[in-house]
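Please find the sequence and the predicted model below.
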Amino acid sequence: MKKILGILTCFVFVGCTNKTQSIHHNEWILNGSNQSLAFDKNEKNFYGFDGCNNIFGKLKLNKEGINFQNFNSTLKLCEDMSKPNEFVHLLKKVSFYKINNANKSKLTTLHLYDKSRQEILVFTQAK
């Protein structure tokens, strides 16, 4: 009986807190770079920084599927456009996402995958 009561108590308290990290209301920084993404749930938009220009567009999102559409950007020309171009190219290939909450390091990561579920980009939640 004590075991069942303990399990129910744990379930009630865990159920009261939102353990699922939302993709929204966070800025995500691409690991090893200054490139970033953020999402506006209400407007169904994304915005970010590709390493040279601000980028923005429409977002299609469901339980685990995600698509970036209607890309736009500011028009700065940087000396080396290879990283910004590659970043946008990879975003256009994204079909799925997963959020990992790493308890030990306290870091939350956003993993983006292509249609064959190959991981192509990994972001860390900005503090």
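Noted; the coordinates are in hand. Numbering: from 1, shown residues only.

which intervals of the protein have sub-threshold pLDDT?
Counting by pLDDT under 70, the chain has low-confidence residues at 1-21, 25, 102-105.

Show me the residue at the heart of the protein, geometrically.
Nearest residue to the geometric centre of the chain (Cα atoms, centre = their mean): L110, 4.2 Å.

doesn't I23 make contact with that one?
Yes: contact between L110 and I23 holds when scored by Cβ atoms under 8 Å: they sit 6.7 Å apart. Just so you know, the C-beta spots here come from the backbone N, C-alpha and C atoms, and that holds for glycine as well.

Could you tell me which residues touch both of these two?
Among the neighbours of L110, those also in contact with I23 (Cβ atoms under 8 Å, 6 or more residues apart in numbering) are Y97, I99.

if we can go back for a sec, roughly how far does the residue nearest to the centre of the chain sit from L75?
27 Å (Cβ to Cβ, to the nearest Å).

what do you get for L112?
If you measure L112 against L75 using Cβ to Cβ, the figure is 25 Å.

swap in K83?
Where L75 is concerned, K83 sits at a distance of 17 Å (Cβ to Cβ).

quick one, which of these two is more surrounded?
Between K83 and L75, counted using other Cβ atoms under 10 Å, the more crowded position is K83 (16 against 7).

How many neighbouring residues does the nearest residue to that one once chain neighbours are set aside have?
Distances taken as Cβ to Cβ, 6 or more residues apart in numbering place G51 nearest to K83, at 4.8 Å, with adjacent residues excluded. Residue crowding around G51 was assessed by other Cβ under 10 Å; the count is 21.
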